[in-house]
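Enquirer: got a structure for you, letters missing:
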Ligand code: GDP
Ligand code: MN
C-alpha cells in the first residue's frame, strides 16, 4: 500500500486526451482534393511529392471529390501511390447546381460581361460551382464527415521542402484552426459586393465577430473598405469543424442567398479568409512559414532554408512573400509580428 506512493507515476491519464491514448499516432485528419478526371496527370506528381516529403511517414488518408464519377484509371493510378487509404466520392447534385432562387439569365449575363472584361475564369460556369462548393460544401461530404482536420491539395502544386513534423498535430496541440502559406490581393472585379454583403451579415450577427480577431488584415480604414487581402485557399491545413460551426454556416448561407457565387465570381479564398479573420481568435490562424509551397505562378519559400537545415528543392522562383502583390506584410502587421530583418534590405 505504501509502496504505491513511492512508485513514480507511469503516466497521468488525466492530462492525456483520447487522441493521445489511442494506438493510432495519427490525428483525425485527411488530405482532400477536388479534381476532374482530366486532372490526373497534374495530381500524380503532386501526390508523389506529398508522399515523399511527408506522408510516407504518416500514412494519412486522402479523399477525392468530383462532380462526376472518377474513372477507373484515376482511381487505380492515384490509390497506388497513396500510403494511407484513398477514398473517392461524387458530389451530391444539390451542392453543384443552381439553387432555385438564382436567376440563371442574370447569371449568364454576368458571365458574359466578365468574359468581355477579360477577367480570369470570368465566363466559366463550372468555376463558379467549384468556388461555391469549396466555400460551403466540401467539408459536408459523407467521406469528410469522419475527419476533423484536412489538408487541401490541388493538382499541379508542389511541396518544396521535407516536412518533418505533423502539421495536423501542430494545429490541434496549439489550438489553431486555419493554416496557410500564401496571402495575396483578390481581383475586385470578382467580388464587387462581397464586402458590403459581409458587413450586412455582421450587422445581423455581431456576436460572431471574435473580440480578438484579425480584421486588421482585411481593412486599412477600420472596416469601411476591404483591402482585398486573403489567404490563398488552394493550400489549406485547417479544422473543418470551424466551417461546420454556427458562425460560418450562417455566413455561408447568407452569402449563398445573395447569389454572388453566380452573379459575380466570389472565390472560396476570400470567403474562407473573411470568415477566418473575423470569426476566429487571431491566435488560431497560423502561417506555415516552414512549409515550402508552389502553386503556379507563386511560391512560398521558407526564409534561410539552407541555414535552417530545411531540405528544399532549389526554388525556381524566389519567395512571393514580399513581392508587391503579396499580402504578407499586412498579415505580419495585423498579427503584430516583426518583419524578418532581411526584408527591408532585399526588397526595398
Ligand atoms: P485556380 O487554382 O483558381 O486556377 O483553379 P483550378 O483550375 O486549380 O481549380 C481549383 C480546384 O478545383 C482544383 O483542385 C481543380 O482540380 C478543381 N476543379 C476546378 N474545376 C472543376 C470542375 O469542374 N470539376 C471538378 N471535379 N473539379 C474542378
Ligand atoms: Mn489551382
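Expert: Perfect, I can see it now. Since we're looking at a predicted model, the values are computed, not measured. Ligands and ions are numbered 1, 2, ... in the order given.
Enquirer: how near is the residue nearest to the spatial centre of the chain to residue 192?
Expert: The residue lying closest to the centre of the chain (C-alpha atoms, centre = their mean) is residue 236, at 2.6 Å. Taking C-beta to C-beta, to the nearest Å as the measure, residue 236 falls 25 Å from residue 192. Every C-beta, even on glycine, is put in place using the N, C-alpha and C of the backbone.
Enquirer: Ok, residue 86 next?
Expert: From residue 86 across to residue 192, the span is 40 Å (C-beta to C-beta).
Enquirer: who's more crowded, those two?
Expert: Taking other C-beta atoms under 10 Å, residue 86 and residue 192 do not tie; residue 86 has more neighbours (18 against 13).
Enquirer: hey, what's that one bridged with?
Expert: residue 62 (DSSP bridges).
Enquirer: Tell me the residue of the stretch 101-250 of the chain that sits nearest ligand 2?
Expert: Ligand 2 sits closest to residue 154 of the stretch 101-250 of the chain, with a gap of 4.3 Å, by C-beta to the ion.
Enquirer: Which residue comes closest to that residue once chain neighbours are left out?
Expert: Nearest residue to residue 154, sequence neighbours excluded (C-beta to C-beta, 6 or more residues apart in numbering): residue 234, at 4.5 Å.
Enquirer: Repeat that for residue 263.
Expert: Among residues not flanking residue 263 along the chain, residue 110 sits closest, at 4.8 Å (C-beta to C-beta, 6+ apart).
Enquirer: Over to residue 64?
Expert: Leaving aside its sequence neighbours, residue 64 sits nearest to residue 88 (C-beta to C-beta, 6+ apart; 4.9 Å).
Enquirer: Test my guess that that neighbour contacts residue 70.
Expert: Yes: Residue 88 is in contact with residue 70 according to C-beta atoms under 8 Å; the separation is 4.7 Å.
Enquirer: what residues do those two have in common as contacts?
Expert: residue 64 (C-beta atoms under 8 Å, 6 or more residues apart in numbering).
Enquirer: residues near residue 75, how many?
Expert: The number of residues packed near residue 75 is 17, by other C-beta under 10 Å.
Enquirer: Check residue 228 too.
Expert: 19.
Enquirer: so which strand or helix has residue 171?
Expert: Using DSSP states H and E, residue 171 sits within helix 167-173.
Enquirer: and the next helix or strand after that helix, what's its mean pLDDT?
Expert: Later in the chain than helix 167-173, the nearest helix or strand by DSSP H and E is strand 178-180. The average pLDDT for strand 178-180 rounds to 99.
Enquirer: how far does strand 178-180 sit from the chain's center?
Expert: 6 Å (C-alpha atoms, centre = their mean, to the nearest Å).
Enquirer: list the helices and strands that strand packs on?
Expert: Here strand 178-180 touches strand 236-239, strand 285-287, going by 3 or more C-beta pairs under 8 Å, 6 or more residues apart in numbering; DSSP states H and E.
Enquirer: Neighbouring strands - and their directions - for it?
Expert: In the sheet, strand 178-180 lines up with strand 236-239 (antiparallel), strand 285-287 (parallel) (DSSP bridges).
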